[in-house]
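>>> need a 3D model of the sequence below.
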Amino acid sequence: MNEPTDAGAGNLAGAGLRRTPDVPATSASLGPTATILAGAATVAALYLGRDVLIPLALAILLSFTLGPLVTWLYRRGLPRVPAVLTVMLLVTLLFVGFAALVASQLTHLAQQLPTYEYNLRLKAQAVAEAAPGAGVITRTANFLRDFSREIDRITEGSDKKPEVVTTPAGEARRPIPVEVHQPPQPPLEALSEFVGPLLQPIATAGVVLVFIVFVLLQREDLRDRMIRLFGHGDVHRTTAAISDAAKRIGRYLLMQLVVNVLYGLPIGIGLFLIGVPNALLWGVLATVLRFIPYLGPVLAAVVPIALSFAVDAGWITPILTIALFIALELFTNNVLEPWLYGSSTGLSPLAIIVAAVFWTTLWGPVGLLLATPLTVCLVVLGRHVPQLQFFEVLLGDQPVLAPEVKLYQRILAGDPHEAGELAEEQLEDRPLLEVLDAVILPALVFADQDRLRGALDPARVTTVAGHFAEVVADLADPIEPPATTATVEARPRVLCVGARTGLDEVAATMLVQLLLQAGHEAEATHAATLLHGGATTGPWDLVCLSYLDAGAVRPARRLLLRLRARLGREARYGICLWGASADEAEQARAVTRAELVATSLAQAVELIGAAPSTLEKPPALRDASAA
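Residues are numbered from 1 along each chain as shown. This is a model prediction of the structure:
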């Protein structure tokens, strides 16, 4: 049995199966147990150190947004420190203005809320009356209320007498009722209970601002330290990773800002036209809250929708408000985000959801906000650091299997229907010749390599070959008859022979399909059938052997000798070593003395389509014929 050759390895590499780069012995991969322990330790450190890591992560995230503005001011002649302070002043003014706007709008809303109480009562009553079974609910409530009153009346009129306490003088008096009251809290304690919950977010915001200032001031120094710490002497790779992460996160944040503005602006205008109070507030909050994935749009819609029920005694305002939020959410999710985001993050949809759950579990609501940027960093690390490549495979949005590998996997799984769908998808962007040559043929080579190393037994090989034959048959186009007989006679009649297994015969069948489309008369058969008396519609001008094993040169020579004895020496003979290199093809030509040697379907069609005179016999065979 022949061993798999280097050509097969080359095919695997060309198919997109990534090989693990050589890693120095000092940085060898950890074992499974050590990897699990290291992962658990990392998760524990992220959870226990969240008080420090959350402000630092927020600062780094915001520095990606503010960094380009600082760089722009610096390049305009403003020194580094004044440029950073100017940007931070603008950010502070922006936040103060936002807080003042929200406070004023909320104050105005609080003043108007009592006027909406009547409308809410009317709607609650209308809903109760319109609800299915409202009469049953009302009768049940009345029954329970009357029953409770009857119990109270019976209890109050019972024979039970209050306990009487007798004094030493013999006078009876009733017990004195006792009530327990909490003493009033001291002013400082009451103030601490009110202000305490506000101090933590204020303190976190202050720490974040301090981190941002230092990150912006020390950007180059931090970058150099990261290169020194993680570069391991590979400055190019580390620089590429930092640049890639900064580019992806910066673009993601910019596009998210654009999407949120294009979402919040119509919300504010629409609510104003509908008649919902404080439309400016809800538009601004919709823009800001949408930075929080999944939860933000819901929070932005709850209060305006609730308010729309209160401001109008009818139902038109709430219906229009709900329709506005639903329409804008659908448009944003299905049109704006795919158009503007594109591949800016490089994350798969499932990875985004898993990241949101993971980081929210670790860090709470702030983790939900940071989930996508942090996961982008992990994918970038996986792209540039071989030891972390599994992050890119698990979380990235790029296909990790080449089309031919995916097709072969579906064949192995016994699903030729889905394999055919994958091949049909390739036909949308490629011609049939390219799909057969670049997708189906390499998949057949993979199957033959598995056969050679014993992973597929003969029965399994037959089944797999049958599935491949189904896929190839579904891809075949109807063949129109040639225009004239002269055209057919000018082209060689070809017999394509599967040399060893049904897999070789499937490859021969693909060549026959392409030759029929080119106007040739062609037929496919198996070598065993042909050698044991199987009939064909010959005579043939050219007989081509199909081998998926590029190293089968010696067996090909023996088979050619047997076919020459069986079919005669008048025909020309060729060998198709699918996927072989140019050197292997030349070696096969020298050993087998074949008139034609091809390594791909395109090459075989081109050589066969040449004038018949080009298919000359080797000198030794010509001399033997003359003798």
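
>>> where is the longest helix in this protein?
Secondary structure of the chain per DSSP state H: the longest helix is helix 235-274.

>>> tell me the buried residues in that one?
Residues 237-238, 241-242, 244-246, 248-253, 255-256, 259-260, 263-264, 266-268, 270-271, 274 are the ones in helix 235-274 that count as buried (16 or more other CB atoms under 10 Å). (C-beta placed from N, C-alpha, C; glycine too.)

>>> just list what it packs against, helices and strands only.
helix 50-75, helix 219-230, helix 279-289, helix 295-311, helix 316-331, helix 337-341, helix 365-384 (3 or more CB pairs under 8 Å, 6 or more residues apart in numbering; DSSP states H and E).

>>> now Leu368: closest residue in space, sequence neighbours ignored.
Thr360 (4.5 Å; CB to CB, 6 or more residues apart in numbering).

>>> give the contact list for that neighbour.
Gly367, Leu368, Ala371 (CB atoms under 8 Å, 6 or more residues apart in numbering).

>>> ok, and the most crowded of the residues you listed?
Ala371 (26 neighbours; other CB atoms under 10 Å).

>>> next, work out how far apart that residue and Cys377 are.
With distances taken as CB to CB, to the nearest Å, Ala371 is found 11 Å from Cys377.

>>> likewise Ala203?
Going from Ala203 to Cys377 by CB to CB gives 26 Å.

>>> more neighbours: those two, which one.
A count of neighbours by other CB under 10 Å puts Cys377 above the other of Ala203 and Cys377, at 19 against 12.

>>> who's in contact with that one?
Taking CB under 8 Å, 6+ apart, we find Cys377 in contact with Ala245, Ile249.

>>> Ser546: which element?
strand 542-547 (DSSP states H and E).

>>> may I have that strand exported as PDB, CA atoms only?
The C-alpha atoms that make up strand 542-547 are tabulated as PDB, following Å, rounded to 0.1, in the frame of the first residue of the first chain:
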ATOM      1  CA  LEU A 542      -7.300   8.500 -26.200                       C
ATOM      2  CA  VAL A 543      -7.500   6.500 -23.000                       C
ATOM      3  CA  CYS A 544      -6.900   8.500 -19.700                       C
ATOM      4  CA  LEU A 545      -6.200   6.800 -16.400                       C
ATOM      5  CA  SER A 546      -7.500   8.700 -13.300                       C
ATOM      6  CA  TYR A 547      -5.400   8.500 -10.100                       C
END
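
>>> what lies in contact with the helix or strand following it?
The C-terminal neighbour of strand 542-547 among helices and strands, as given by DSSP H and E, is helix 553-567. Taking contacts as CB under 8 Å, 6+ apart, the residues outside helix 553-567 that touch it are 2, 497, 499-500, 527, 530-531, 538-540, 543, 545, 547, 573, 575, 577, 584, 587-588, 591-594.

>>> among those residues, which are located in helices?
Reading helices off the contacts of helix 553-567 with DSSP H, I get Ala527, Leu530, Leu531, Glu584, Gln587, Ala588, Val591, Thr592.

>>> tell me the phi and psi of Gly364?
Dihedral pair for Gly364: phi 80, psi -150, per degrees, to the nearest 10.

>>> from Ile292, how far out is it?
Distance, Gly364 to Ile292, by CB to CB: 12 Å.

>>> repeat that for Val357.
14 Å.

>>> just Val335 next, same as before
In terms of CB to CB, Val335 sits 21 Å off from Ile292.

>>> likewise for Asn334?
Applying CB to CB, the value for Asn334 to Ile292 is 20 Å.

>>> ok, those two, which is more surrounded?
Ile292 (18 against 10).

>>> which parts of the protein belong to which domain?
35-63+204-395, 403-474, 483-612 (automatic domain parsing).

>>> tabulate these (TSV), appending distance to Val70.
Formatted as TSV, the domains of the chain follow (distance: least, CB to CB, whole Å):
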stretch	distance to Val70
domain 35-63+204-395	5
domain 403-474	44
domain 483-612	54
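
>>> pull the CA atoms of stretch 347-365 into CSV?
Output of stretch 347-365 as CSV, limited to C-alpha atoms (Å, rounded to 0.1, in the frame of the first residue of the first chain):
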residue,chain,number,x,y,z
LEU,A,347,-17.0,38.3,15.6
SER,A,348,-19.6,35.7,14.7
PRO,A,349,-23.1,36.4,15.9
LEU,A,350,-22.9,33.4,18.4
ALA,A,351,-19.7,34.8,19.8
ILE,A,352,-21.3,38.1,20.5
ILE,A,353,-24.1,36.5,22.4
VAL,A,354,-21.8,34.2,24.4
ALA,A,355,-19.4,37.1,25.1
ALA,A,356,-22.3,39.2,26.4
VAL,A,357,-23.4,36.4,28.8
PHE,A,358,-19.8,35.7,30.0
TRP,A,359,-18.8,39.3,30.7
THR,A,360,-22.1,40.2,32.2
THR,A,361,-21.8,37.3,34.6
LEU,A,362,-18.3,38.4,35.6
TRP,A,363,-18.7,42.2,35.8
GLY,A,364,-22.4,42.9,35.8
PRO,A,365,-24.0,45.6,33.6
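
>>> that stretch: how far from the chain's middle?
For stretch 347-365, the gap between its own C-alpha mean and the chain's C-alpha mean amounts to 13 Å (CA atoms, centre = their mean, to the nearest Å).

>>> model confidence over that stretch, on average?
In this model, stretch 347-365 carries a mean pLDDT of 85.

>>> could you give me the buried positions within that stretch?
Leu347, Ala351, Ile352, Val354, Ala355, Ala356, Phe358, Trp359, Thr360, Leu362, Trp363.

>>> closest one of these to Val215?
Trp363 (19.1 Å; CB to CB).

>>> state the phi and psi torsions of the closest one.
phi -120, psi 10.

>>> ok so, going back, restricted to strands, list the buried residues of stretch 347-365.
Of these, none are assigned to strands by DSSP state E.

>>> closest to Val207 among those residues?
Closest approach to Val207 among these (CB to CB): Trp363, at 14.7 Å.

>>> returning to that earlier point: which one of the helices and strands packed on helix 235-274 has the lowest average pLDDT?
helix 337-341 - the lowest mean pLDDT of the helices and strands packed on helix 235-274, at a mean of 71.

>>> Gln105 - nearest residue in space that isn't next to it in sequence?
In space, and not counting its chain neighbours, Gln105 is closest to Leu281: 3.6 Å by CB to CB, 6+ apart.

>>> wait, doesn't the one you found sit right on Ala100?
No. Under the criterion of CB atoms under 8 Å, Leu281 is not in contact with Ala100, lying 11.7 Å apart.

>>> more neighbours: which of those two?
Shown here are Leu281 and Ala100; by other CB under 10 Å, Leu281 has more neighbours (20 against 10).

>>> quick one: contacts for that one?
Applying CB under 8 Å, 6+ apart to Leu281 gives the contacts Leu101, Val102, Gln105, Leu106, Leu109.

>>> just the buried residues of the residues you listed.
Gln105.

>>> can you lay out the contacts of Leu281 as a markdown table showing secondary structure?
Output for the contacts of Leu281, formatted as a markdown table (DSSP: H, G, I helix; E, B strand; the rest coil):
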| residue | secondary structure |
| --- | --- |
| Leu101 | helix |
| Val102 | helix |
| Gln105 | helix |
| Leu106 | helix |
| Leu109 | helix |
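
>>> in this protein, which ranges drop under the pLDDT threshold?
Within the chain, the segments meeting pLDDT under 70 span 1-31, 116-144, 146-147, 150-198, 230-234, 340-345, 477-490, 534-538, 611-627.

>>> looking at this, Thr451 is in a helix?
Actually, residue 451 is Arg rather than Thr. Yes. Secondary structure assignment places Arg451 in a helix (three-state DSSP).

>>> state the number of residues packed around the residue nearest to Phe468 when sequence neighbours are not counted.
Nearest residue to Phe468 in three dimensions, chain neighbours excluded: Val506, at 4.7 Å (CB to CB, 6+ apart). Val506 is flanked by 28 other residues according to other CB under 10 Å.

>>> having no further points to raise, I will conclude here.
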